[in-house]
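In: No letters, just coordinates:
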């Protein structure tokens, strides 16, 4: 069964595609890394699809499996976006860890 360790393996694959342009020619990841606007569009598209799958699940019109597939697409594309900006998952995890147990600030206009 897969677990969170797979994310480290996936990150390593993405980083290898980023580092070795010649060997990665033709890979989907490399094509995304070469086109940052495309990555951003994919993030928006995949987030929308996660939202739609979630709503359909709660409406009794979809399955958890479909939501998991859409979430996997979003996570993959998010990792590619992070790699394109030289932001590591560890940096994200550190921020999440610091937020753990911290009171969430109220944003203006959101009581």
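Out: Thanks, I have the structure now. As the structure is a prediction and not an experimental result, all values here were calculated from the model.

In: what pLDDT does residue 26 get?
Out: For residue 26, the pLDDT comes out at 88.

In: where does it fall, helix, sheet strand or coil?
Out: Three-state assignment for residue 26 (DSSP: H, G, I helix; E, B strand; the rest coil): coil.

In: For it, grab phi and psi.
Out: For residue 26, the backbone dihedrals are phi 90, psi -10 (criterion: degrees, to the nearest 10).

In: Surely residue 63 touches residue 69?
Out: No - the pair residue 63 / residue 69 is not scored as a contact, 9.4 Å apart, by CB atoms under 8 Å. No exception for glycine: its C-beta is placed from N, CA and C like everyone else's.

In: Among these two, which residue is more densely surrounded?
Out: It is residue 69, of residue 63 and residue 69, that has more neighbours when counted by other CB atoms under 10 Å, with 14 against 11.

In: Which residue is the nearest non-sequential neighbour of the more buried one?
Out: Nearest non-adjacent residue to residue 69, counting by CB to CB, 6 or more residues apart in numbering: residue 53, 7.9 Å away.
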